[in-house]
Structures are given as structure tokens and as C-alpha cells.
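**Student:** My questions concern the predicted model and sequence given below.
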Amino acid sequence: MDGSPAVRNGTSTETATDFDAIVIGAGVSGLYQLYKLRELGLKVRVFETGTAVGGTWYWNRYPGARFDSESWTYGYSFSQELLEEWDWEEHFAGQPETERYLNYVADRFDLRRDIQFKSRVTKAYYQEDARRWDVILEDGRRYTTRFLITAVGVLSAATMPTIRGVETFQGQSCHTHYWPKEPVRYEGKRVAVIGTGATGVQTITEVAKTVGQLTVFQRTPQWCAPLHNAKITVEEMRRIRANYSEIFARCQETYGCFIHATDPRATHEVTEEEREAFWEKLYGEPGFGIWMGNFRDILVDREANALISDFVARKIRQRVKDPAIAEKLVPKNHGFGTRRVPLESGYFEVYNQPNVKLVDISETPIERITQTGVKTSDAEYEFDIIVYATGFDAITGAFDRIDIRGVDGVSLKDKWKDGPQTFLGILVDGFPNLLMVMGPHAGLGNFPRAVEYTADWVTGLVRFARDRDLTRIEATPAGAVDWTDHVIASSEGLLFTEVDSWMTGINRNVEGKQVRRIMRYSGGHPKFRERCDAVAANGYRELVLV
């Protein structure tokens, strides 16, 4: 892997490359993957579209952007020195703090010297004769690498709504993902927010604090729960630091790598009074406990799910003064927890403000954006600012935006047109030496906890190849079929599979994303690690190794 030709069995296989590995993306995944590959002594280059590190936390600087994972479970665990040095300010850090943290990491480990900013990868073609990838940037620059590693994120391909006239609006407008770096002021302004997913919920809550008039255009209400964020005191940070080993061990044990573990009881194994008291407790606690730490059957049993949904609906009705508005904010087309639960800090109280209006676009659809605002089927609104909180082409979207071609020029987008097919969410048959950190069908959850495991596994495979002078690593078609079938089987019985969401591959604003697909592994991260560990322990014999 030093760039010199390899000679195997008396024949020469040309292996000259610019890099041993190219990583796409300098976010949470890319930074750690770079660190690990550097430990192997490899020549690595990271290509990043933005002007700085951070990925999600570089781009998503919209008002109110913050963690819904506890910050002290979200940071990297690989360096004891880093854990000793960094003090988290809040239990659920906001975007500015998280961006500072990732910049600190990049500086602390001198990562920037191997990162090329303002470098969008648009094409990647595998060359079978040389067993390498040709990588082409948007500006035409070309590079070659033995291994191509994607660290493109799960939610990074922003989608604008398919509404006529978006380009005609003459006020200020932007998608939340592309929020300007300079401050945006809302005092005295007429602001529209289109979209009420997790991003919309955070944006709406923050903008409402200072806005002149706010109009929210909602298609699908969400089952939101309180975040209960707070500052971290010096004493709390001392206790957290002393308990990091236990915290990370706990994350390894749980289904989604959070500190919240599923309650072993079923909903009907307790009395109604005990059930209500338990839910009140969870509703009053910070973080995802009400979703990830609830009774074991709320996401598989319809009756149990109906009960927790009714509980949260009652909370919404208590918090919103106008009964008619409250009903519009109570989801009717999916049960609690069957979509990712947005955590909020006063979201429902926003609708008690006299300067806030809720427009249900399932009743009065948006017909077009005008030069001065938004026209629905029954009214025309004028705005100074329009915010598009319309989400992402999730999980596969970032891959689809790069022309990735494997053996015989086969397009990855075409291969996945009927849904992703992978081996362990890391490899794809027909695409040798392509490795995905947090790709489709991987074990998702508390992101950095899952990232560290997957990047470690990828690094182990690259080390295995280097030590044995292997130049071609690929999943087998049978392996990809088996894993994909296992991923689909692991989701059977889960109520989320019956719901349109980014977790089931639905995006009405993207052509071809109107059919539900199983996009992620639902067997829990411990089982995901168990399967991946077994492959490594068996010498990667399930792969094609040349």
C-alpha cells in the first residue's frame, strides 16, 4: 500500500495510487475514520464539501439546533485525554458547542492536514485492472485510491419541497440545512416555517421567542416529548468524567446505544395506576427515556402503542390552550414512537402565542410560493422570511448524489433502485474496496457510539488487507442477499414499518422515494456488533479477498 506495484504469483498488478484511502466527509464519522487509518500509517485524504469540519454540525446551524442524545454520551470515547480535557456546557449541547467540540478534536489530533475542504466528490469509478477507485471532484480534479470510504452521514442530503414558485420569492429564504453563518433576526418580521419534523420543531420553538408574526405550515404533526435540557455544573461534569467508563459500557448494552434501556415489563403487566405513574416519570425526565426506555411492547403491540399514544395526546391537549389547535397537533396517522420522536423545549406552548398561526396543509394545501409569500387553497400570506424545514433524502440520498460505479460500470444508484442491498451495512457486492461508515442497513442509534464501532471494524479490515498484501475486498452476492434478508426479517412486527417516514425511505419530494423500504437494521446494536465481530473473527472468509 505504499503506492508501488504489487507482484503476485509471478504477474504484476498495477497498484500505483495517490492515496491508500480516500474518505468522503469530515463529520463525526470522517474525522474518526481518518484518525484510525492514520494509526495504520496509511496515506489518507478526506474530501469535505464545506469549509470546515463538523458535517451535520457544520451545516445545520439553524435556530435551536441541538442534540437529542445526552452530550456526554455523544462525544468520542477513543481518547482518555480528550475525555479529560473537554467540558460539556449542557446536557444536550447546541450546534455551536458541538461544532466547537469537533473543531477541537480536529486540532487536538492534527487532522486538518489530511482534509481537503471545498471539495465535493461527484464521481467515483472503480477500475478493475488497477484495483483502485478514481475519484472526481466537482471542479474536475481527479484522484486515485485503493480504498474508498464513505462517511457521508444519514441525514445530509437536504431536500427542498416540490412547490411551484420557490425561486420567485423575493424575501429571505433558505432550507434549514443551508442556514447562513451570519445571524438572522426575526424581530418585527413575518416568518413562515414549512415543515414540522424534528428540525422544524426546534426552529419553530426558537424563532417564536422573538418573531413579529410566525406562521407554521404543517402537513404531519409529530409525537414530541420534552427534552428537559439544563446546564452542566462543574460538580456534575466532574461526576460525568469519573463515570465515563460506566456510561460508555451502558451505551454498548442498549438497543440504540443510548443510556436508556427498554423496560423489561409489558404494558399490561402493570396496573393502570402504575402505568400512568411510569409514563409521568418518563415524560418528566431528560432525553429519549420515554421512547427508548419505555415498556418493551409499545413499538410492536398495537394496543400498547395506542395507550402510550393516548397518554402523549393528553399531554398535548393540556399544554395547548385552544382545543381546535391542540387536535391539529395530535398525530392521527401514526402511533407514538413509530417515527423518530422529536424532543422539544416548549414547542407546544408556542401555539398559545397570539402572534403564531398554524396552517394545516392537509386541509388547505400550498399551491405555490409567490413573490411575496405563500398561497394555499384558501388564502394568500405575505412573509419577509420563509424557512424550509423539509428534511432530507435520508440514508441513501447522499450516495445517490455521487455517481458511484463499480465493476463493469454498474451504478450504485441503479443497484439500489428497489432498496439498498449491503453486507453488514458496510460493503456492497460488485463494488470492491468500497467501505461505508454508517451506510444503509447498518446498526443505527446514538450516532458516535455506532460510528466508533463501524469505523473500528472498517479499520480492522483494511489492516487485514494491508498485512496480507490484498488489493481487492468485496462482499459476495450471497452474503449481501443474506444480510439484506436478515435486515428485513429483523423489522418484522415493528409498527414503524407501517408508517411513511425517512426511516422507511419515504420522501415525497424525491422521485422514486414513494415506496416503503427497510433502510436500517432493527435488531439492536448489540446483535449488530455480534454479527460483525463474528465475520472478523473468522478471518473475513465471507468476503472475496484477492
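**Tutor:** Yep, it's here.
**Student:** rest of the way, CA atoms for contacts and neighbours
**Tutor:** Fine.
**Student:** now what about the one helix or strand residue 281 maps to, what contacts it?
**Tutor:** If you go by DSSP states H and E, residue 281 is part of helix 272-283. Identification of contacts with helix 272-283 by C-alpha atoms under 8 Å, 6 or more residues apart in numbering yields 225, 226, 267, 289, 290, 294, 308, 311.
**Student:** right, and the pair among the residues you listed with maximum separation?
**Tutor:** By the measure C-alpha to C-alpha, 226 and 267 form the most distant pair in the contacts of helix 272-283, at 21.4 Å.
**Student:** do you know how far the nearest residue to residue 198 once chain neighbours are set aside is from residue 65?
**Tutor:** What sits nearest to residue 198 in space, not counting adjacent residues and going by C-alpha to C-alpha, 6 or more residues apart in numbering, is residue 342, at 4.8 Å. In this view, residue 342 and residue 65 are 12 Å apart by C-alpha to C-alpha, to the nearest Å.
**Student:** what does residue 267 give?
**Tutor:** Distance, residue 267 to residue 65, by C-alpha to C-alpha: 33 Å.
**Student:** what residues are up against residue 75?
**Tutor:** Neighbouring residues of residue 75 by C-alpha under 8 Å, 6+ apart: residue 448.
**Student:** Dump stretch 457-470 to CSV, restricted to CA.
**Tutor:** Extracted as CSV, the C-alpha positions of stretch 457-470 are listed here (Å, rounded to 0.1, in the frame of the first residue of the first chain):
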residue,chain,number,x,y,z
TRP,A,457,-14.4,-2.6,12.1
VAL,A,458,-13.5,-0.9,8.7
THR,A,459,-10.0,-0.2,10.1
GLY,A,460,-9.6,-3.8,11.1
LEU,A,461,-10.5,-5.0,7.6
VAL,A,462,-8.1,-2.5,6.0
ARG,A,463,-5.3,-3.7,8.4
PHE,A,464,-6.1,-7.3,7.5
ALA,A,465,-5.7,-6.4,3.8
ARG,A,466,-2.5,-4.5,4.3
ASP,A,467,-0.8,-7.2,6.3
ARG,A,468,-1.6,-9.8,3.6
ASP,A,469,-1.0,-7.6,0.5
LEU,A,470,-4.6,-7.9,-0.5
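**Student:** Counting neighbours, which bits of that stretch end up buried?
**Tutor:** For stretch 457-470, a neighbour-count test (16 or more other C-alpha atoms under 10 Å) marks 457, 458, 459, 460, 461, 462, 463, 465, 466, 470 as buried.
**Student:** Tell me which entries of the residues you listed lie within helices.
**Tutor:** 457, 458, 459, 460, 461, 462, 463, 465, 466 (DSSP state H).
**Student:** how near is the fifth one to residue 451?
**Tutor:** To tie it back to what came earlier, the one meant is residue 461. Per C-alpha to C-alpha, residue 461 is found 15 Å from residue 451.
**Student:** what about stretch 115-132, distance to the chain center?
**Tutor:** Computed by C-alpha atoms, centre = their mean, to the nearest Å, the chain-centroid distance of stretch 115-132 equals 23 Å.
**Student:** What of stretch 133-142?
**Tutor:** For stretch 133-142, the separation from the chain centroid amounts to 26 Å (computed by C-alpha atoms, centre = their mean).
**Student:** could we number from 272 for the rest of this?
**Tutor:** Okay, residue one is now 272; in that scheme the one you just asked about reads as stretch 404-413.
**Student:** For that stretch, buried residues please.
**Tutor:** Under the neighbour-count criterion of 16+ other C-alpha under 10 Å, stretch 404-413 has 404, 405, 406, 407, 408 buried.
**Student:** Help me confirm that the last one comes into contact with residue 391.
**Tutor:** Yes - with contact defined as C-alpha atoms under 8 Å, residue 408 and residue 391 form a contacting pair (5.5 Å).
**Student:** Does residue 416 belong to a helix, a strand or coil?
**Tutor:** Following DSSP: H, G, I helix; E, B strand; the rest coil, the label given to residue 416 is strand.
**Student:** can you confirm residue 801 is in a strand?
**Tutor:** No - assignment of residue 801 by three-state DSSP gives helix, placing it outside any strand.
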